[in-house]
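Q: here is my input, please return the structure:
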Amino acid sequence: MTDRFVLSGRRYRVVDTTSKLLGLALVAGGLDVGGSTPLGLLLAVVGTACATMTVFVDHE
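A: Numbering: from 1, shown residues only. Just a heads-up that it's a prediction; the model follows:
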């Protein structure tokens with residue numbers, strides 16, 4: 001199970017930037033809702049997952 005996604009350099013940068021901005025927006029939304037509420041925690045966890053998803057993507 002070591003199959004990884006491979007993207008071109010340009011496409012990787014677009015996906016990486018988009019995922020980081022989406023993750024940041026979700027974490028900010030979670031803090032706005034309330035960081036200690038279930039919805040706030042869920043948004044923070046999903047935002048963190050989005051922001052780090054490009055760790056599993058290779059680029060050329």
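
Q: and residue 43, how far from residue 37?
A: 9 Å (C-beta to C-beta, to the nearest Å). (Each C-beta comes from the backbone N, C-alpha and C, glycine too.)

Q: compare those two (neighbour count), which wins?
A: Shown here are residue 43 and residue 37; by other C-beta atoms under 10 Å, residue 43 has more neighbours (22 against 11).

Q: can you classify the closest residue in space to that one that isn't next to it in sequence by secondary structure?
A: Closest residue in space to residue 43, ignoring its immediate chain neighbours: residue 30 at 3.2 Å, by C-beta to C-beta, 6 or more residues apart in numbering. Three-state assignment for residue 30 (DSSP: H, G, I helix; E, B strand; the rest coil): helix.

Q: neighbours around residue 30, how many?
A: Other residues within reach of residue 30, judged by other C-beta under 10 Å, total 21.

Q: now residue 20
A: Residue 20 has 16 neighbours, counted by other C-beta under 10 Å.

Q: same question for residue 25.
A: Per other C-beta under 10 Å, the neighbour tally for residue 25 reads 14.
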